[in-house]
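S.K.: Got a predicted model here, sequence first, then my questions.
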Amino acid sequence: MIKKIVAGTIICTVLGTSNIMSYATPTNTNLNATKNNDKKAETIKESFEVVIPEKDFVTSNTNLVLSFKAPKDTKVSIAVYHNTSKEGEEENYVLTHELIEVTIGEIQMGWAEIELKSGLNKIEFTAEYKNGLTDSVVRHVNVMNVEEVKVLLEKIVNNSTLGVGKRP
């Protein structure tokens, strides 16, 4: 008798804690509304995303492989600029390479390899979708040698507002 009670309790607990859900759609769907929703979903899908570099960063490597996602048949233009101004002056970017153009294929991914100059570089991505709309993304990459990075890190640690990590 106790075995039956324990078994029944376990079965009720398992059934009570299982997450069984069901979903239903309305039976009277409006075909025009469905077409409008498809157009909205298609518009939302069309987006451009830079995968590498994900954000602005500092590196010691002058060669960089760029990676980006976009819908099929999107034309992506990449312009690479270098800051020619000296420290403390206003930024003055000059185009360093010819414009790189990539057409996105079936995989919906694009790649390009660029060579950066030492100092501050700006990479400007412009995506033109097949419907004529455009998106633009800018990334800044600072190319420094290892010694410059060490000096920069020491400045950051020594100028810490919290005093944590300061060296006497």
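M.R.: Received the coordinates, thanks. Please read all numbers here as calculations on a predicted model, not as lab measurements. Numbers count the residues shown, from 1 in each chain.

S.K.: Going by C-alpha atoms from here, please, whenever you check contacts or count neighbours.
M.R.: Fine.

S.K.: list the contacts for the residue nearest to residue 77 when sequence neighbours are not counted?
M.R.: The shortest distance from residue 77 to any residue other than its chain neighbours is 4.5 Å, reached at residue 101 (Cα to Cα, 6 or more residues apart in numbering). Residues counted as contacts of residue 101 (Cα atoms under 8 Å, 6 or more residues apart in numbering) are 75-78.

S.K.: got it, and residue 130?
M.R.: For residue 130, the contact set (Cα under 8 Å, 6+ apart) comprises 73-75.

S.K.: so which of the residues you listed is the most crowded?
M.R.: For the contacts of residue 130, the largest number of neighbours (other Cα atoms under 10 Å) sits with residue 74, at 25 neighbours.

S.K.: just the helices in this structure please.
M.R.: All helices of the chain, identified by DSSP state H, fall at 2-17, 31-45, 146-158.

S.K.: Comparing the ones you listed, which yields the minimum mean pLDDT?
M.R.: Looking at these, the lowest mean pLDDT belongs to helix 31-45 (a mean of 53).

S.K.: Name the helix or strand of the chain that has the lowest mean pLDDT.
M.R.: Using mean pLDDT, DSSP states H and E, the weakest-scoring helix or strand in the chain turns out to be helix 31-45, at a mean of 53.

S.K.: Let me know the average pLDDT across stretch 81-92.
M.R.: 77.

S.K.: How far away from the center of its chain is that stretch?
M.R.: 26 Å (Cα atoms, centre = their mean, to the nearest Å).

S.K.: and that stretch, which residues are buried?
M.R.: For stretch 81-92, the buried set under the neighbour-count rule, 16 or more other Cα atoms under 10 Å, comprises 81-83.

S.K.: what do you get for stretch 2-9?
M.R.: Going by 16+ other Cα under 10 Å, stretch 2-9 has no buried residues at all.

S.K.: May I have that stretch as CSV, with CA atoms only?
M.R.: The C-alpha trace of stretch 2-9 is given here as CSV (Å, rounded to 0.1, in the frame of the first residue of the first chain):
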residue,chain,number,x,y,z
ILE,A,2,2.8,2.4,0.9
LYS,A,3,4.5,1.6,-2.4
LYS,A,4,1.4,2.6,-4.3
ILE,A,5,1.0,5.9,-2.4
VAL,A,6,4.7,6.8,-3.0
ALA,A,7,4.5,5.9,-6.7
GLY,A,8,1.3,7.9,-7.1
THR,A,9,2.8,10.9,-5.3
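
S.K.: please renumber so the chain begins at 21
M.R.: Shifting the count to begin at 21 puts that one at stretch 22-29.

S.K.: if we can go back for a sec, tell me the one of the buried residues of stretch 101-112 nearest residue 153?
M.R.: Nearest to residue 153, judged by Cα to Cα, of the buried residues of stretch 101-112 is residue 101 at 23.9 Å.
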